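Colleague: No letters, just coordinates:
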């Protein structure tokens, strides 16, 4: 994982999505659960105090503010275990270096592919025995795809916390002004999306029916391939299948819409408006009809002051989307594994997930966390929003993939996508060319 076209942190900064925990928190009142399943409080049981205070370093790729409430509650509940958080800058390059040096923090919060890479290298411990010994943990409470994901060679290398699924945000005001029927949450297709976007777009006024495609983030394109029944990789991550008819058809369809300039801003139109990052301002200004993005942009929608609603992402052959989150792992170099596990068990409990998720308007990966009210993904607005669309996406969406040598694989795929989206190549010509190259990377040959 030493190269990428664009890492996720950079992408969020680029689009304005990662505006910080303070902004996210400002968009909603301080939430206190009014209902809490019994499982939510079991992890708060006072542990027998050790003889001395042990400090646990908690490293993460995202800002630490989201877990401020959890750290405070944990330190009060376990007075002899102190949690200190650290956001690790240059995460994608620094974590492998820290792992090789045996100097990772006691607990690492990492995105999907990174935790699998650490597991393949034997740099994080197997958590299964700890899970089995923790009677209040309840693995069946997790969404199945998230629970089954962080397993490498039969070893459980991570525990998930919150998740930011992608859904479609649509600007009700723009739809009303253009007299366009709202998207149907039960039957929303690519054709519907294109028809509605064209009816809303007015490029002369810098109004578009759809957001543009973040070309620098290949996995945004992957979700569109999923929606057409294809994939970038085989299930075992040993073969690149981007040359399949489903993948070729999906990417070319969306590339044609991008280049058209009458459905979403084309690359040249984006450049004419100031370059990368301008689209986030357009959405917040109420000039984008539909945006397919993660739940973190609820903050931008609220700040925009326009009436919006939610539907699932449009589909072609199947309903699908990204569910993007992180896993908590204990590095093999950690000396205080028992105390590190106490923190993971607390942070990943239903209440711990809720406390974290409510700051970022996300759901949790525990179903019981998502039963707590007020729901963590719901923002305070004075109009009706179909908020249930957000957690429902966890039942059908994909966890982002975690292939070996992901950075190198994505560099090849990303370069090909740049050509197709730029109009200098067709998917049917370039994808059969790169698929064998990516396969060799996946297989380490």
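Modeller: Perfect, thanks for sending it. None of these values were measured; they are calculated from a predicted model.
Colleague: okay, CA-based contacts and neighbour counts for the rest of this
Modeller: Will do.
Colleague: Can you pull the phi/psi pair for residue 362?
Modeller: Taking degrees, to the nearest 10, you get phi -120, psi 160 for the backbone angles of residue 362.
Colleague: Quick check: it touching residue 377?
Modeller: Yes: counting by Cα atoms under 8 Å, residue 377 is a contact partner of residue 362 at 4.6 Å.
Colleague: joint contacts of those two?
Modeller: Shared contacts of residue 362 and residue 377 (Cα atoms under 8 Å, 6 or more residues apart in numbering): residue 295.
Colleague: Show me where this structure has its strands.
Modeller: For the chain, strands defined by DSSP state E occupy the ranges 54-60, 81-87, 107-111, 151-152, 155-156, 159-171, 208-210, 288-294, 308-311, 322-329, 398-399.
Colleague: Ranking those by mean neighbour count, which comes first?
Modeller: strand 208-210 (a mean of 28; mean count of other Cα atoms under 10 Å).
Colleague: Neighbouring strands - and their directions - for that one?
Modeller: If you go by DSSP bridges, strand 208-210 pairs up with strand 288-294 (parallel).
Colleague: What is the distance between the strand it pairs with and the centre of its chain?
Modeller: The gap between where strand 288-294 is centred and where its chain is centred comes out at 15 Å by Cα atoms, centre = their mean, to the nearest Å.
Colleague: Also stretch 77-88?
Modeller: 25 Å.
Colleague: Need the strands of the chain in CSV (columns: distance to residue 282 and mean pLDDT).
Modeller: Putting the strands of the chain into CSV (distance: least, Cα to Cα, whole Å; pLDDT from 0 to 100) gives the following:
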stretch, distance to residue 282, mean pLDDT
strand 54-60, 30, 97
strand 81-87, 30, 97
strand 107-111, 28, 96
strand 151-152, 41, 96
strand 155-156, 42, 98
strand 159-171, 12, 97
strand 208-210, 9, 96
strand 288-294, 6, 96
strand 308-311, 14, 98
strand 322-329, 23, 96
strand 398-399, 28, 96
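Colleague: neighbouring contacts of stretch 85-102?
Modeller: For stretch 85-102, contacts defined as Cα under 8 Å, 6+ apart pick out 1-2, 7, 57-64, 104, 123, 331-333.
Colleague: Return the set of buried residues in stretch 63-71.
Modeller: 63-67, 70-71 (16 or more other Cα atoms under 10 Å).
Colleague: Adding pLDDT, write the residues you listed out as TSV.
Modeller: Shown next, in TSV, are the buried residues of stretch 63-71 (pLDDT from 0 to 100):
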residue	pLDDT
63	93
64	95
65	94
66	93
67	96
70	97
71	97
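Colleague: Sort out which of these are in helices and list them.
Modeller: Counting by DSSP state H, the part of the buried residues of stretch 63-71 found in helices is 70-71.
Colleague: I'd like to know which of the contacts of stretch 85-102 is nearest to residue 180.
Modeller: Of all these, residue 180 sits closest to residue 7, with 36.1 Å by Cα to Cα.
Colleague: Out of the buried residues of stretch 63-71, which is nearest to residue 174?
Modeller: Closest approach between the buried residues of stretch 63-71 and residue 174, by Cα to Cα: residue 66, at 33.0 Å.
Colleague: what's the closest one in contact with, if anything?
Modeller: Contacts of residue 66 by Cα under 8 Å, 6+ apart are 21, 356-357, 359-360.
Colleague: Those residues in helices, which ones?
Modeller: 21, 356-357, 359-360.
Colleague: Quick one: buried ones out of these?
Modeller: Here, 16+ other Cα under 10 Å leaves 21, 356-357, 359-360 buried among these.
Colleague: Pipe those residues into TSV and attach pLDDT and distance to residue 305 per row.
Modeller: Shown next, in TSV, are those (pLDDT from 0 to 100; distance: Cα to Cα, whole Å):
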residue	pLDDT	distance to residue 305
21	37	19
356	96	25
357	96	23
359	93	19
360	90	18
